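> Give me a model of this one.
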Amino acid sequence: MTLASPARRAYLVALVVFVLDQALKLWALFVFDLAAKGRVAVAPLFDLVLVWNTGVSYGLLQQDSDFGRWALVALHVVASIAITIWIAREKDALSAWALALILGGAVGNGVDRVAYGAVVDYALLHWGEVTWYVFNLADAAIVAGVLLLLYGALRGSKGATGVSS
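The predicted structure follows:
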């Protein structure tokens, strides 16, 4: 792996996503004290609200037991290791960056689950009374990473033409 390899850059992207995610969550919890403020309007379509997500994306697989919590932690660890290995083997820069977004988000949410027993969600998009699910930066990074992977799969591999910056 060379200094400018897609993997090294991707690991840096994952680290940045993780650090920003954790910084925003710590700010929301301990500086802004979102729990005490309730729902806070930020923009016409965006509010801050604290939700403790004991499940996975979209509130699926809600876990109320210690076994469930630690099973999801184990899933985070296994997925993070697999993605880390995948990044190391990835030749396409776009795919490596997509995986990095997923990795940074997965590790961020995994740390929440270990530290608090649930994932800290705080961002609420809405249109009047119609609301979408509450999410965080890690969730947004994971979704963006998955979309980039899908885009990469649909465009086909660029490795053969040398276009993979």
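> would you list every one of the helices in the chain?
6-26, 34-37, 66-89, 93-116, 137-155 (DSSP state H).
> Any idea how many residues pack against G152?
Look at G152: counted by other C-beta atoms under 10 Å, it has 21 neighbours. Where C-beta positions appear, they are placed from N, C-alpha and C, glycine not excepted.
> again with A43
Neighbourhood size, A43 [other C-beta under 10 Å]: 7.
> from here on, count from 30
Understood, numbering begins at 30; the last thing we discussed is A72.
> Next one: L63 from D76, what distance?
Applying C-beta to C-beta, to the nearest Å, the value for L63 to D76 is 11 Å.
> Can you lay out the helices of the chain as CSV showing distance to H155?
Output for those, formatted as CSV (distance: least, C-beta to C-beta, whole Å):
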stretch, distance to H155
helix 35-55, 19
helix 63-66, 16
helix 95-118, 27
helix 122-145, 22
helix 166-184, 16
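> So which of these is the most surrounded?
For the helices of the chain, the largest average neighbour count (mean count of other C-beta atoms under 10 Å) is found in helix 122-145, namely a mean of 23.
> what angle separates that one from helix 166-184?
Here helix 122-145 runs at an angle of 150 degrees relative to helix 166-184 (axes from the mean of the first three to the mean of the last three C-alpha atoms, to 10 degrees).
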